[in-house]
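Asks: What shape does this take:
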Amino acid sequence: MTIRAFDFAHQGTKPNPKHVQSLLKFFESGIKKPDNYGFGVEIEHLPIRKSTGKAVTYAEPHGIRNVLQALASHYDPTREYYEDGHLLGLGKPGISVSLEPGGQIECSLGVLRHADDLDALYAEFRRDLDPILDRFDIRLINYGYQPDTSYKEIEIIPKHRYHAMQKYFARIARYGYCMMRASASTQVSIDYFSEKDSIDKLRIGTAVGPILAWFFRNTPFFEKEPNPFPLLRQEMWDWIDPQRTNQLWGLYDDNYDWEHYATDVLTTPVFIADLSHTPEYTGDRPVFAAPYDDAAAIYPDRELNQAEINHLISTHFNDVRLKNFVELRHWDSLPVERAQRLTEIVSGLFYSQEMFSGLLTYFDGLTALDVRAAKADLQAHGADAHPYGQSLDFWREFLHAEGTLDTEPGDPERPDVFQS
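Replies: Modelled structure (predicted):
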């Protein structure tokens, strides 16, 4: 008998059927034709002061707020994002600039049609930004964690969502503050061609993501000391909130589908409800409320609109996340050359029919416990790990990950990791 983990995870909770239907339509809207796929790549950068090596925060003099204000002239003024008068985001075709909680500067690039398109679009982003950074004595680095600044020294940016997250994670998460204020990542998004294809990609991405995280590890420091964890990002996220991080509940059950995913999203307590795009909002509570209740108690009895859907999904932080695309979230911040290599590998694994079929065959019968064991093996044994019973040399060849680096982050022969 198959034990259906999902059925146990949500006993006694039922989502609003109209909300479920709206998520199903949203997922269906993401279906692409196999000849029309693309990528999205997000690279988060840690800002440091050139003269001191310390993290640069949003509100300090010559800080990240000043950088965004100066950068705005290069972007579409209709896509500027403000909260309470604070400029927090910019956009133009192909490039969006946003801030993570500790002032980390994220560029979202795409839709890319080929992995090698990343270099040109990223070069455009840096062409506009670098002279401004120089003016304010700031350098952007690509590490998974601030090298010489503790999370305690970094202020959260003035964004309601992030202050609610900080309050919530402070109650339940060992590394919540660390993750929010001082970490940075690289994420790659891919398209799917059917409901089954999206579930297959969620499963395979969840299985191989930690192995690729090892090959692309890039976190030499943690809280101003040498990083003790082979995979710091995994260590932080796996223990932040079991309701919304790590693996998706029930993903490897044989009946898992979009309705299961929607139910998971809709029945998990919402740590902050964004009512700014809810037409029925009457002002009876703050626009950004922190009710710690599920979606059925927060949103009206109707199908959710796209802004409400995007917000609810964005309050889940699983290793691999389903939107109207599949978002792979395992990896440290990477210099663009390594991010492009990662995107090339992802392209081969997920868009080559032959390679993806081979992965599905190899991982047939995989369970959630198998994935958990593989992650624990990598975290406990590093280079000596044998995830899924195979050596890392095997996985480098099997995942076509040749060209990734064997030395530890921060080694002298790896000048690329500390990139300006």
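
Asks: buried sites along whichever strand or helix holds A123?
Replies: Taking DSSP states H and E as the criterion, the element that holds A123 is helix 117-135. By 16 or more other C-beta atoms under 10 Å, the buried positions in helix 117-135 come out as D117, L118, L121, Y122, E124, F125, D128, L129, I132, L133. For the C-beta atoms, the positions are set from N, CA and C on the backbone; glycine is no exception.

Asks: How about the fourth one: what's its closest non-neighbour residue?
Replies: Leaving out its chain neighbours, the residue that sits closest to Y122 by C-beta to C-beta, 6 or more residues apart in numbering is V336, at 4.7 Å.

Asks: wait, isn't P291 in contact with L275?
Replies: No: with contacts counted by C-beta atoms under 8 Å, P291 stays clear of L275, the gap being 10.3 Å.

Asks: Common neighbours of these two, please.
Replies: Residues touching both P291 and L275 (C-beta atoms under 8 Å, 6 or more residues apart in numbering) are R285, I298.

Asks: between those two, who's got more neighbours?
Replies: L275 (20 against 13; other C-beta atoms under 10 Å).

Asks: Provide a list of residues in contact with the more buried one.
Replies: Per C-beta under 8 Å, 6+ apart, neighbours of L275: Y281, R285, V287, F288, A289, I298.

Asks: Look up how far L23 lies from the fifth one.
Replies: Read it as A289. From A289 across to L23, the span is 21 Å (C-beta to C-beta, to the nearest Å).

Asks: which one of the two has more residues nearby?
Replies: Per other C-beta under 10 Å, whichever of A289 and L23 has more neighbours is L23, with 24 against 17.

Asks: What sits closest to the more buried one if chain neighbours are left out?
Replies: In space, L23 is closest to A262, 3.9 Å off (C-beta to C-beta, 6+ apart).

Asks: Contacts for the one helix or strand H163 maps to, please.
Replies: Assigned by DSSP H and E, H163 belongs to helix 160-172. Helix 160-172 has contacts (C-beta under 8 Å, 6+ apart) with 83, 101, 156, 176-177, 179-180, 240-241, 271-272, 274, 286-288, 290, 292.

Asks: and the helix or strand following that helix, what does it pack onto?
Replies: Following helix 160-172 in sequence order, the next helix or strand is helix 176-182 (DSSP H and E). Judged by 3 or more C-beta pairs under 8 Å, 6 or more residues apart in numbering; DSSP states H and E, the packing partners of helix 176-182 are helix 160-172, helix 232-238.

Asks: ok so, going back, of the contacts of helix 160-172, buried ones?
Replies: 83, 101, 156, 176-177, 179-180, 240-241, 271-272, 274, 288, 290.

Asks: Of the helices and strands packed on helix 176-182, which stretch is the most buried?
Replies: Mean neighbours per residue, mean count of other C-beta atoms under 10 Å, is largest over those for helix 232-238, with a mean of 23.

Asks: Note down every partner strand of the helix or strand following that helix and its orientation.
Replies: Using DSSP H and E, the helix or strand that follows helix 232-238 in sequence is strand 245-246. Applying DSSP bridges, strand 245-246 is found paired with strand 317-318 (parallel).

Asks: Contacts for the strand it pairs with, please.
Replies: Under C-beta under 8 Å, 6+ apart, the answer for strand 317-318 is T206, W237, I240, D241, R244, T245, N246, Q247, L248, R329.

Asks: what do you get for stretch 84-101?
Replies: Residues contacting stretch 84-101 (C-beta under 8 Å, 6+ apart): 44, 58, 64-65, 68-69, 71-72, 74-76, 79-82, 105-110, 121, 124-125, 156-159, 162, 165-166, 180-181, 184.

Asks: Identify each buried residue in stretch 382-389, please.
Replies: Here stretch 382-389 shows A385, P387, Y388 as buried, counting by 16+ other C-beta under 10 Å.

Asks: Alpha carbons of it, as CSV, please.
Replies: Extracted C-alpha coordinates of stretch 382-389, given in CSV (Å, rounded to 0.1, in the frame of the first residue of the first chain):
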residue,chain,number,x,y,z
GLY,A,382,30.3,16.7,1.5
ALA,A,383,32.7,15.4,-1.1
ASP,A,384,32.5,11.9,0.3
ALA,A,385,28.7,11.7,-0.1
HIS,A,386,27.0,9.1,-2.2
PRO,A,387,23.5,10.6,-2.8
TYR,A,388,21.1,7.9,-4.0
GLY,A,389,24.0,5.4,-3.6
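
Asks: Contacts made by it with the rest, please.
Replies: A207, P210, I211, W214, P230, D370, A374, K375, D377, L378, L392, W395.

Asks: Serialize the residues you listed to TSV and add fields for secondary structure and distance to P34.
Replies: Shown next, in TSV, are these (DSSP: H, G, I helix; E, B strand; the rest coil; distance: C-beta to C-beta, whole Å):
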residue	secondary structure	distance to P34
A207	helix	22
P210	helix	27
I211	helix	26
W214	helix	30
P230	coil	36
D370	helix	29
A374	helix	29
K375	helix	31
D377	helix	35
L378	helix	32
L392	helix	32
W395	helix	27
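
Asks: Identify the farthest-apart pair in those.
Replies: The span of these, defined through C-beta to C-beta, is set by P230 and D370 at 18.9 Å.

Asks: Between those two, which is the more surrounded one?
Replies: P230 (19 against 16).

Asks: Once you drop chain neighbours, what's closest to that one?
Replies: The spatially closest residue to P230, leaving aside those adjacent along the chain, is G382, at 4.0 Å (C-beta to C-beta, 6+ apart).

Asks: Doesn't that neighbour lie inside a helix?
Replies: Yes: when classified by DSSP: H, G, I helix; E, B strand; the rest coil, G382 is found to be part of a helix.
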